[in-house]
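Q: Generate a structure from the sequence data that follows.
(one chain, ligands or ions: 1)
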Amino acid sequence: MAALLPRQIHVFVRDWLSANNILLKSHDGHVLIDTGYVRHAPFTLTLLRSPRGLGDEPLAKIVNTHCHSDHIGGNATIQRAYGCPIALPEGEAPLIERWDTKALWLDYADQRTDRFAVDEILCAGTTQIWGGLEWRAIQAPGHDMGALVFFNPEYRILISGDALWENGYGLVMPRAIDPAAVPATRATLNLIAALKARIVIPGHGEVFTDVAPALERAYARTTAFEADDARVARHALKVLLTFRLLDCQRMPLADLPAYVERVGMFRDLNAACLGLAPDELAQLLVRELVRAGAAAVQDGFLVPA
Ligand SMILES: [Zn+2]
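A: Residues are numbered from 1 along each chain as shown. Presented below is the predicted three-dimensional model:
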C-alpha cells in the first residue's frame, strides 16, 4: 500500500501504543507528523535517523494531528534532537500551553508524555506545504474535539489521525460526559466521505485504499454508539485498559478494582454510564478483553494477548 504513495511520503507503521509516524520529505525542510508514545520515543528517534527516515538530514518541523499521548509522546525527545518547532491544531494548543492533563487524557487516563511547548498553531481551512505537497487542514472533532486531518487534493491522500482507521476510529466520549462527541464523530465522517480520498494514512494500522468500506464500518459503529451510551463508555474503557496493558505489560487482577476506582476517566465513565461497583467493572472489562482476544489472564495477571 505504501508503494502507492508519492516518493516524498514515508510512513512508519507502528503499533497501538505509538501512533504511526508520517515523514513528508522536501528540499524545503522535512516534516514529521505524530511522534508516538513516550515509552517508544528512543525507538522513534532511531527510525527517524535511519536511511528510510532522515539519515543525517535535519528535521524542519513536528506536526501533531491531535494531542493524545500516543501521538505527542516523542515530541520533546525529537525536538531536543533536531531543535525544530512543534506545530499543533488551534483547538489543542491551549491545552498544551496550560498542560491540562485532564483534557489531554494524561494522568486522567493514566497515560504519560514528556512536556513540550507550542511553537506554531495550525488553523482549520489553511493550506500547508509539506513534502512539496499541498495539505488542507480540516477540523475533525469527535474522538478528539480539537483534532485536524490533512488532505492532499492532488493525490487525494488523507492523513486521518484517529478520526478514521481501516476498522473504526479512536475512542469517543459518551454523551453523558461530552454531549458533542458522538454527533461530531458522525459529522466528521460526513466531511471525510465528501473528500473522496483515494488513500488514507491513518494514525494506527496500515495505509489503506478501500476507503468506502472503512467509512461504512465507521458509520455502523457510530450508529451503534448513538443507540447506546453505555456501549460508548464500555468501548472507551476497554480501549483505555488495553492501552494501559500495552504500556505496563501486565496488571495484577487483584489490583484492578482499585485501579478503575483511582483513575479518573474510569471512575467518571463508570459513574456516568454504567453505575457498576469497582470490582464488577473490573470483572466486566477483563471478561470482554479476554473474549475479544485483546488480553489474557496468566497467573493472576492480566497481560496483552
Ligand atoms: Zn487519539
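
Q: pLDDT value on the residue minimising distance to the centre of the chain, please?
A: Within the chain, one residue has its C-alpha closest to the average C-alpha position: by Cα atoms, centre = their mean, that is D162, at 4.6 Å. Note on D162: pLDDT of 98.

Q: Can you give me every residue that contacts W16?
A: W16 makes contact with D70, H204, T242, F243, L246 under the criterion Cβ atoms under 8 Å, 6 or more residues apart in numbering. Placement of C-beta: from N, CA and C, glycine included.

Q: For those residues, which entry has the maximal number of neighbours?
A: Of all the contacts of W16, D70 has the most neighbours under the rule other Cβ atoms under 10 Å, reaching 29 neighbours.

Q: Roughly how far does that one sit from D162?
A: D70 is 9 Å from D162, where distance means Cβ to Cβ, to the nearest Å.

Q: shared neighbours of these two, anything?
A: The contact lists of D70 and D162 share A19, G203, where a contact means Cβ under 8 Å, 6+ apart.

Q: Tell me which stretches of the stretch 101-250 of the chain form strands.
A: All strands of the stretch 101-250 of the chain, identified by DSSP state E, counting those that start in this stretch, fall at 120-122, 127-130, 133-139, 148-152, 157-161, 199-202.

Q: what separates the lengthiest helix in the chain from the chain centre, distance-wise?
A: Looking across the chain with DSSP state H, the single longest helix is helix 229-248. For helix 229-248, the separation from the chain centroid amounts to 13 Å (computed by Cα atoms, centre = their mean, to the nearest Å).

Q: Quick check: residues of this protein near the ion?
A: Residues of the chain lying close to the ion (Cβ under 5 Å from the ion) are H68, D162, G170.

Q: Mark which of these are part of helices, please.
A: Of the positions in the residues of the chain next to the ion, not one sits in helices, assigned by DSSP H.

Q: pretty sure N270 contacts R234?
A: No. Here N270 lies out of contact with R234, judged by Cβ atoms under 8 Å, at a distance of 9.7 Å.

Q: in this protein, what spans have low per-residue confidence?
A: Across the chain, residues meeting the criterion (pLDDT under 70) sit at 1-3.

Q: which parts of stretch 131-146 are buried?
A: The neighbour-count check on stretch 131-146 (16 or more other Cβ atoms under 10 Å) flags 131, 133, 135-146 as buried.
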